[in-house]
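Peer 1: got a sequence here, can you build the structure:
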Amino acid sequence: MIARTNGALFLAPPLQTSSFKNDGVAADRESIKTALKTWTGGEASAARKLKLFEDRLVDLACERLATFN
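Peer 2: Next comes the predicted model:
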């Protein structure tokens, strides 16, 4: 999971990243942004996630994720 806390990027431990595989989402910006549009929490939650996860932060998290695989 990717999150921002106090302006800092937070990437969950490697065990949590398996959800990319479980959900069939590739670990790249375009795939993640597409998946966020269908967030299970509903349309308002999806919009909030898309606003929260800026392209720069998603790219950074993907780079970090690549180091765990």
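Peer 1: all strands of the chain, in order?
Peer 2: Taking DSSP state E as the criterion, the chain carries its strands at 2-5, 8-11.
Peer 1: contacting residues around residue 50?
Peer 2: 33, 36, 37 (C-beta atoms under 8 Å, 6 or more residues apart in numbering). Placement of C-beta: from N, CA and C, glycine included.
Peer 1: just checking, the second one touches residue 55?
Peer 2: Think residue 36. No - counting by C-beta atoms under 8 Å, no contact exists between residue 36 and residue 55, whose distance comes to 11.7 Å.
Peer 1: which among the contacts of residue 50 gets closest to residue 59?
Peer 2: When the contacts of residue 50 are compared for distance to residue 59 (C-beta to C-beta), residue 33 wins out at 10.8 Å.
Peer 1: dump whichever helix in the chain runs longest to CSV, keeping only the CA atoms.
Peer 2: Under DSSP state H, the helix in the chain containing the largest number of residues is helix 55-68. The C-alpha trace of helix 55-68 is given here as CSV (Å, rounded to 0.1, in the frame of the first residue of the first chain):
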residue,chain,number,x,y,z
ASP,A,55,1.8,10.7,-10.2
ARG,A,56,5.2,11.6,-8.7
LEU,A,57,4.4,9.7,-5.5
VAL,A,58,3.1,6.6,-7.3
ASP,A,59,6.2,6.6,-9.5
LEU,A,60,8.4,6.8,-6.4
ALA,A,61,6.5,4.0,-4.7
CYS,A,62,6.8,1.8,-7.8
GLU,A,63,10.6,2.4,-7.8
ARG,A,64,10.7,1.4,-4.1
LEU,A,65,8.5,-1.6,-4.8
ALA,A,66,10.9,-2.8,-7.5
THR,A,67,13.7,-3.1,-5.0
PHE,A,68,11.7,-5.6,-3.0
